[in-house]
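> With the sequence up front, the predicted model follows.
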Amino acid sequence: MNLSGMRRYDLDEIVDVVVVGTGAGGGPLLSRLAERGLRVVALEAGPNLEMDEFTPDEREATRINWMSDRFSGGDTPTAFGPNNSGWGIGGGTLHWGAFTPRPDRRDLSLRSETGLGRDWPIDYDELIRYIVEVERVIGVSGPTPYPWDPQREYLDEPTRRNAPADLVLQGCERLGITATDAPAAIITRDREQPHYGRRKASIDVGGIHQGDRFGYKATTAITYLPVAVAHGAEIRADSMVHRIEQDAAGRVTGVVYLHEGAEYRQRCAALVLAGGGIETPRLLLNTGLANSSGQVGRNFLAHGAVQVWGRFDESIRGYRGYPSAAITEDFVRPAGVDFAGGYLIQSLGVMPLTYATSLVRGGALWGQELMDALDAWQFSAGIGINGECLPSDGNRLVLSAETDEWGIPRAEISFSPGPNEKAIDEHSVGVMTRILEAAGARETRVLARTAHTIGTCRMSSDPDDGVVDPDGRSHDIPNMWICDNSTFPSALSANPGLTQMALSLRTADRLLASA
Amino acid sequence: MTGSDFAVVSLRGDVPQLDDASDDAVGPFRQLVLDPARGSEALIEAIADAEIATPWILVGGFDHHEVAAHLVARVLEGAIGVFGLAGVVLEGTQIPDGIREHEVPAAVTTDDVAASVRSLAADIAAWGPRVPESWARVIASSRTDVAVRATLARRALADDPAYRPRALTPEQLALLRDVARRIVPQGEGATIDLAARLDRMIEAGESDGWRPTGMSTDVEAYRAGLDALAAIWMRGAAAQDAVIRRVIDGDAPSGAVLTADQLSLWFEDARNDLARLWLSHPASLARVGYSGFATGGTGPEPAGYLVLAAGEREEWEPEELGRLGAAKGSTA
């Protein structure tokens, strides 16, 4: 993004707030704080990417992903890198799928409903007010009316339906399942974005996860961050925070970061960690801070993201068009099941290498079977879920003995699905297979997958049960806040990006009110 | 038109008798003769204007080494309108460093240029798959971004069978080639040397952002995994497949460095790397019907998709992708 003319702060100046990370957690908050006149500095581990550095080529596109190795274990190790980890100014919003369902009210009271997981100590209607604000600022397109929430209004028409969306909608209709166009942070008409400029309407390409150089997909780098910079925020790229300094009373006084091999210290009056569900707990475990509860790194949640692919007679080529153009929320609380929570279903098109990886890792294919499946890809339409995930004692992040290029211990994450996750998977595979078959699929194939990195510094009213309070402030350190999806008390069936941006604005307002 | 057509872009005037050897497996050769004095930008434009859709060989005389190296560099940077550079033949005794460093198949000759061109073309045809002409045209077109064209141009270059590994030992590379044949069987015709490309990839440290808990870096894992595999590898496809199944199932002897589970986890990474390397070659992308690299582009407006419906394609797409669809087909 354009950082020319950006205000600069001295390292010795005690800025009001340092924000670590510029994605869905750090971006909106940074802009809010700057607009309200605070002196704010954002430290981003990754580079400042120019728009022409985004490419549809999946191998080259990993330049927008956090590629420094994480260790992944458990029964179903979660894939990192391009699967869930952003890199650069804009963080995870550079590679996110921009699929923006709103959270369901029931998902925020999962524990009250089922005795499992956690409730969110947040008022749902307040969260939705922030969500509506985010949708308007970043440009979320979708169908009005929305079948599961008749009051809802979207700014613009939804994205065009691609072949997988057509088929999933057909299959659902034949089965009596309500389904419609998906809400997405993809603009469907040109738009002037304040302090950024002209954003082009969607050109209906499928390489959303590889990054977008024309501005049809909302990232913080073309929405919130230009506003922040225009209001005096400084964003420092290639700056990896590895220490947090405190005074005798335990209050944060500054952060130490590495930039091009040299160490710098930025003094600050308050600190917001927004590095995401892996980097934030890694930093806290490495510094030993904010962990009187022992909950830092625990409760790692990954959404169930199993896919079913159907082979059709006609060429589908789902790499055209917005990849997840159809949705059904009919299974957020499916009838007659014995699991807690539920799932969203979306239609799927994917890029070729991503599909190949799913076939190898999620489908265990090799040899001629693999080649046949790759040849059948262009005739295949997909459907997948985003499913609830419950915390489990074994699912956690710890520090490994190996250090990375910054000298920081690498994160080691364990994830094994429990009975609830398996039950959701099984139920959804049955439903999705029926939908594809109703749409005319000749044969179907299940590909295992999980998505997102959630819960590792969860929010709680009880200081023993989580890392931050319901405002997002550390239970232990009064001038430190966490603002990323590590704070999610539960996973939700909605994809996390939109909710996280709303939480980001809410945290900013709470921080401002606390001053 | 056959699948063995080549073109020659000659800086040294007409190459006589190129199509005279009737027993050659390659040809016919289309010739484009250009005056090297025009300068490289004008030369690039002239090559683009010629709309060559077959693989082509750049031919230069004794005095053209520098301009040839410059042209190779420009083409591999993704010069607009140009795709398909497959090799270089120069009059001389030594391949210039400026060409060698790009790892373009190259040959030098001091007498029979035509024979040298035919011989290199035959090698190129044998060393790797060719990108179909309808797909080469899309890659060359302004629909495809310069950086993407550069990437595809490099990946399209045939692999040198004498490739010397950088991360692995020659024995490990040979075993990896065996494994690649079983994991990613490329079918009839010339194949990509996936093992060599994987050696380059791990030497460059290109990873996927994670490792199974307890595993060493990719390069160390590949060395340990291949050594463990070498101890149990067999001759013959069926026996090799049986070994592969045991490794995947985690019940193969794994040697001293890795546990059986780790061997299995490494092997999953290896299978994934091989599959992705195969699929990222432009000939493979053409085979699976993927035209999505040709989006964005360098035209006046960003190139996207107008036709999204099943069974349908757009005018610029290769015919095998479907019937011509109406632009802005099905809208919500």
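Thanks, I have the structure now. What you see is a predicted model, and the numbers here were worked out from it, not measured in a lab.
> And the residue of the stretch 51-200 of chain A that's closest to chain B?
Residue nearest to chain B within the stretch 51-200 of chain A: A:Gly81 (2.1 Å; Cβ to the nearest Cβ). (Glycine included, C-beta is placed from N, CA and C.)
> Identify the single longest strand in the chain, thanks.
If you meant another chain, say so; for now it's chain A. Identified as the longest strand of chain A according to DSSP state E is strand A:262-273.
> ah, I was thinking of chain B
Ordering each strand of chain B by length in residues (DSSP E) puts strand B:85-91 first.
> tell me the centre residue of chain B?
Nearest to the geometric centre of chain B sits B:Ala156, at 2.6 Å (Cα atoms, centre = their mean).
> Verify the contact between it and B:Leu285 for me.
No: B:Ala156 is not in contact with B:Leu285 according to Cβ atoms under 8 Å; the separation is 10.3 Å.
> For the residue of the stretch 51-200 of chain B found nearest chain A, what are phi and psi?
For the stretch 51-200 of chain B and chain A, the shortest gap (Cβ to the nearest Cβ) falls at B:Ile183, measuring 4.9 Å. Dihedral pair for B:Ile183: phi -80, psi -40, per degrees, to the nearest 10.
> Close to chain A: what parts of the stretch 1-150 of chain B are there?
B:Asp145, B:Ala147, B:Val148 (Cβ under 8 Å from any Cβ of the partner chain).
> Now tabulate these in JSON lines and tack on pLDDT.
What follows is those, written out as JSON lines (pLDDT from 0 to 100):
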{"residue": "B:Asp145", "pLDDT": "96"}
{"residue": "B:Ala147", "pLDDT": "96"}
{"residue": "B:Val148", "pLDDT": "97"}
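> Pull the number of nearby residues for the nearest residue to the residue of the stretch 51-200 of chain A closest to chain B once chain neighbours are set aside.
Ranked by Cβ to Cβ, 6 or more residues apart in numbering or on different chains and with sequence neighbours excluded, the top spatial neighbour of A:Gly81 is B:Gly209, at 2.1 Å. By the criterion of other Cβ atoms under 10 Å in any protein chain shown, B:Gly209 has 20 neighbours.
> coming back round to it: and the pLDDT at the residue nearest to the centre of chain B?
As predicted, B:Ala156 sits at a pLDDT of 98.
> residue contacts, the nearest residue to it once chain neighbours are set aside?
Distances taken as Cβ to Cβ, 6+ apart place B:Pro282 nearest to B:Ala156, at 5.2 Å, with adjacent residues excluded. Taking Cβ atoms under 8 Å, 6 or more residues apart in numbering or on different chains as the criterion, B:Pro282 is in contact with B:Val131, B:Trp135, B:Ile139, B:Leu152, B:Arg155, B:Ala156, B:Phe293.
> and the host helix or strand of the fourth one with strand B:85-91, angle?
Under the criterion DSSP states H and E, the helix or strand holding B:Leu152 is helix B:146-156. Relative orientation of helix B:146-156 versus strand B:85-91 (axes from the mean of the first three to the mean of the last three Cα atoms, to 10 degrees): 70 degrees.
> Tell me which residues are up against helix B:146-156.
A:52, A:55-57, A:59-60, B:75-80, B:83-86, B:128, B:131, B:139-140, B:144, B:280-283, B:293, B:296, B:298.
> show me the contacts for the nearest residue to A:Thr487 once chain neighbours are set aside.
Leaving aside its chain neighbours, A:Thr487 sits nearest to A:Met459 (4.5 Å; criterion: Cβ to Cβ, 6+ apart). A:Met459 is in contact with A:Trp120, A:Pro121, A:Ile122, A:Gly466, A:Val467, A:Val468, A:Asp469, A:Pro470, A:Gly472, A:Thr487, A:Phe488, A:Pro489, counting by Cβ under 8 Å, 6+ apart.
> Turn these into TSV, columns for neighbour count.
Shown next, in TSV, are the contacts of A:Met459 (neighbours: other Cβ atoms under 10 Å in any protein chain shown):
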residue	neighbour count
A:Trp120	24
A:Pro121	15
A:Ile122	19
A:Gly466	24
A:Val467	29
A:Val468	28
A:Asp469	18
A:Pro470	17
A:Gly472	27
A:Thr487	30
A:Phe488	25
A:Pro489	27
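> can you give me the helices for the chain?
Looking at chain A here, since you left the chain open. All helices of chain A, identified by DSSP state H, fall at A:26-35, A:110-114, A:124-138, A:163-175, A:224-230, A:276-287, A:352-357, A:367-375, A:419-438, A:496-514.
> let's do chain B instead
B:40-49, B:65-76, B:97-100, B:113-127, B:133-140, B:146-156, B:170-183, B:194-203, B:218-230, B:237-249, B:260-279, B:282-287.
> can you put these in a markdown table and add distance to A:Phe339?
Formatted as a markdown table, those follow (distance: least, Cβ to Cβ, whole Å):
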| stretch | distance to A:Phe339 |
| --- | --- |
| helix B:40-49 | 60 |
| helix B:65-76 | 54 |
| helix B:97-100 | 61 |
| helix B:113-127 | 54 |
| helix B:133-140 | 47 |
| helix B:146-156 | 44 |
| helix B:170-183 | 37 |
| helix B:194-203 | 41 |
| helix B:218-230 | 37 |
| helix B:237-249 | 30 |
| helix B:260-279 | 29 |
| helix B:282-287 | 40 |
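> Buried among the contacts of helix B:146-156? Make that a PyMOL selection.
Buried members of the contacts of helix B:146-156, defined by 16 or more other Cβ atoms under 10 Å in any protein chain shown, are picked up in PyMOL with:
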select buried, (chain A and resi 55+56+57+59+60) or (chain B and resi 75+76+78+79+80+83+84+85+86+128+131+139+140+144+280+281+282+283+293+296+298)
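> ok, now which ones touch whatever residue of the stretch 151-300 of chain A ends up closest to chain B?
For the stretch 151-300 of chain A, the residue closest to chain B is A:Ile203, as judged by Cβ to the nearest Cβ, at 2.5 Å. A:Ile203 makes contact with A:Phe214, A:Tyr216, B:Thr295, B:Pro302, B:Ala303, B:Gly304, B:Tyr305, according to Cβ under 8 Å, 6+ apart.
> try 7 Å this time
Each residue near A:Ile203 by Cβ atoms under 7 Å, 6 or more residues apart in numbering or on different chains is listed here: A:Phe214, A:Tyr216, B:Pro302, B:Gly304.
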